[in-house]
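Visitor: Using only what follows, build the 3D model:
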Amino acid sequence: MKRALTIAVVSAFAFVSAPAFAAPSELPASVKAELKDLTKKAGAGEISAKEYNKRKQALLEGAQAQQAAEASKK
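Guide: Okay, here's the model as predicted:
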């Protein structure tokens, strides 16, 4: 039962759309690793879906701000 719930939660996160600015191929490796860690925590039930979405959004916005800052330096 717990395994089925875990699979359902992880599957639900897979279908949550990310903002267009945060295409996975454009993200730095450190951000990808943090997203992977968040997904594991959510799948294991360590954090709620609401907390997962909040942290993911903050992480992606931070990555966007960092990319914008780097682009403006060039």
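
Visitor: Now tell me which helix or strand of the protein has the poorest mean pLDDT.
Guide: Every helix and strand of the chain was ranked by mean pLDDT, DSSP states H and E. The lowest is helix 2-14, at a mean of 64.

Visitor: Give me the buried positions along the longest helix along the chain.
Guide: Counting residues, the longest helix found in the chain (DSSP state H) is helix 49-73. When burial is assessed from 16 or more other Cβ atoms under 10 Å, helix 49-73 yields the following buried residues: 52, 55, 56, 59, 60, 63, 67. Placement of C-beta: from N, CA and C, glycine included.

Visitor: can these go into CSV with extra columns for pLDDT and distance to residue 45?
Guide: CSV is the format used below for these (pLDDT from 0 to 100; distance: Cβ to Cβ, whole Å):
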residue, pLDDT, distance to residue 45
52, 93, 11
55, 94, 15
56, 93, 17
59, 92, 20
60, 91, 23
63, 87, 26
67, 83, 32
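
Visitor: and which of those residues is nearest to residue 28?
Guide: Nearest to residue 28 among these: residue 63, at 6.6 Å, using Cβ to Cβ.

Visitor: Not counting its neighbours along the chain, what's nearest that closest one?
Guide: Nearest residue to residue 63, sequence neighbours excluded (Cβ to Cβ, 6 or more residues apart in numbering): residue 31, at 4.7 Å.

Visitor: and the gap between that neighbour and residue 45?
Guide: According to Cβ to Cβ, to the nearest Å, residue 31 and residue 45 sit 23 Å apart.

Visitor: Comparing these two, which shows the higher neighbour count?
Guide: residue 31 (18 against 11; other Cβ atoms under 10 Å).

Visitor: So the more buried one versus residue 59, what's the distance?
Guide: 6 Å.

Visitor: Equivalent analysis for residue 66, please.
Guide: Residue 66 is 11 Å from residue 59, by Cβ to Cβ.

Visitor: low-scoring stretches of this protein, by residue?
Guide: Scanning the chain for pLDDT under 70 picks out the ranges 1-25.

Visitor: go with 80
Guide: By pLDDT under 80, the low-scoring segments of the chain are 1-26, 74.
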